[in-house]
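Colleague: Just need the structure, nothing else, for what follows:
(one chain, ligands or ions: 1)
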Amino acid sequence: MTITLGANRYGKAETRVVRVTRDGETHRIKDLNVSISLSGDMDAVHLSGDNSAVLPTDTQKNTVFAFARKHGIGEIEEFGLLLARHFVTSQPTIRHARVEIEEYAWERVGDGGHSFVRSGREVRTALVHSDGPDGPESVVSGLKDLLVLNSTGSEFHGFIRDEYTTLEPTRDRILATAVTARWRHRGVDAAWGASYERARRCLLEAFAGTHSLSLQQTLYQMGRRVLEECAEICEVRLSLPNKHHFAVDLTPFGMDNDNEVFFAADRPYGLIEGTVLDDEAPAAPEAWN
Ligand SMILES: O=c1[nH]c(=O)c2[nH]c(=O)[nH]c2[nH]1
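Modeller: Numbering: from 1, shown residues only. Here you go, the predicted structure:
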């Protein structure tokens, strides 16, 4: 048997950085979770413990804070590209950088300009890969924990029935999910903020506007809407847990229940996942890794 070192990467995961921008009395905040993964000439460190090619993960964490101070934090895609390009261009042993960022939204409270409440909005995400500004690069934007619910307009029937099937077909049910969506940009220089808001709006409008015969059908419509309205995006990946709501049987209490009282089960849940893409988009499997 011959044993070899396979694919590897390393970096500082989950650096929580909060950047306050002070504009007189009025402050703005950016609250991020940044995870860095670097790869390159890392055979020696694995095979013999020679660390000469290794940029410490501690340094990577410090770079996040230093860049937040020096450059400020704009759109997370931009901040991710800045960091990724820095690592591959400043260190010859680092050939590839992957930067994953989550952004938590805060809303203003009061009129003091410096009070905030953590928003109930979804988490915005970005995943950047870079071999340097001249090498292959990719940007995948996205969101998670976007909770949506249709209280009608959802059916599920016509499915397979075997000896273990007990599910009753339904013509009217609650459809609820927590959307995780990621979308791949064609290039690396979009108007990130506007693009994000457009893609988010498309997801919400398609969810609300689709009379659903299955969550799979809704998923496809959501991805499709993003591709139709966002020319800068070429591929959408969605992960949709089916948050089941079961109408409660109230007949023991002499009451009917015309889809008004539900038990919101938290598990198990159906997990519906899929990709919707422009079939002429260049393949970029690395972009999702
Ligand atoms: O929209 C749905 N898709 C399914 O595949 C499925 N399976 C199930 O039990 N309920 C549902 N709902």
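Colleague: For the stretch 101-250 of the chain, list the residues in contact with the ligand, please.
Modeller: Applying CB under 6 Å from any ligand atom, one finds that the stretch 101-250 of the chain approaches the ligand through 156, 167, 214-216, 242. C-betas here are computed from N, CA, C, even on glycine.
Colleague: which pair in those spans the largest distance?
Modeller: Between any two of these, the greatest separation by CB to CB is 15.4 Å, found for Leu167 and Gln216.
Colleague: These two: who's more crowded?
Modeller: Taking neighbours as other CB atoms under 10 Å, Leu167 and Gln216 compare with Gln216 leading, 15 against 10.
Colleague: In CSV, list the C-alpha atoms belonging to the one helix or strand Ile36 maps to.
Modeller: Assigned by DSSP states H and E, Ile36 belongs to strand 26-40. In CSV, the C-alpha atoms belonging to strand 26-40 read as follows (Å, rounded to 0.1, in the frame of the first residue of the first chain):
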residue,chain,number,x,y,z
THR,A,26,-24.5,58.4,14.2
HIS,A,27,-22.9,55.0,14.1
ARG,A,28,-23.2,52.1,11.7
ILE,A,29,-22.4,48.5,12.5
LYS,A,30,-21.3,45.5,10.5
ASP,A,31,-21.4,42.2,12.4
LEU,A,32,-19.7,39.3,10.6
ASN,A,33,-18.5,35.8,11.2
VAL,A,34,-15.5,35.2,8.9
SER,A,35,-14.0,31.7,8.1
ILE,A,36,-10.8,31.4,6.1
SER,A,37,-9.4,28.3,4.5
LEU,A,38,-6.1,28.4,2.7
SER,A,39,-4.3,25.8,0.6
GLY,A,40,-1.1,25.6,-1.3
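Colleague: Check which element follows that strand along the chain.
Modeller: helix 43-48.
Colleague: what's the angle from whichever helix or strand comes after that following helix to strand 26-40?
Modeller: Toward the C-terminus, helix 43-48 is succeeded by helix 57-71 as the next helix or strand (DSSP H and E). If you take axes from the mean of the first three to the mean of the last three CA atoms, to 10 degrees, helix 57-71 sits at 140 degrees to strand 26-40.
Colleague: Kindly provide the whole-number mean pLDDT of helix 57-71.
Modeller: In this model, helix 57-71 has an average pLDDT of 99.
Colleague: likewise stretch 231-248?
Modeller: pLDDT averaged over stretch 231-248 gives 98.
Colleague: And the residue of the stretch 1-150 of the chain found nearest the ligand, how far from Leu213?
Modeller: The ligand sits closest to Asn150 of the stretch 1-150 of the chain, with a gap of 11.7 Å, by CB to the nearest ligand atom. Asn150 is 13 Å from Leu213, where distance means CB to CB, to the nearest Å.
Colleague: which residues touch the residue sitting furthest away from the middle of the chain?
Modeller: Centroid-distance maximum for the chain: Gly254 at 45.9 Å, with CA atoms, centre = their mean. Listed by CB atoms under 8 Å, 6 or more residues apart in numbering, Gly254 has no contact partners.
Colleague: Show me this protein divided up by domain.
Modeller: 9-135, 142-289 (automatic domain parsing).
Colleague: Could you point out which of these sits nearest Ile3?
Modeller: Across the domains of the chain, the minimum distance to Ile3, taken as CB to CB, is reached by domain 9-135, at 10.4 Å.
Colleague: What is the end-to-end distance of that closest one?
Modeller: 18 Å (CA to CA, to the nearest Å).
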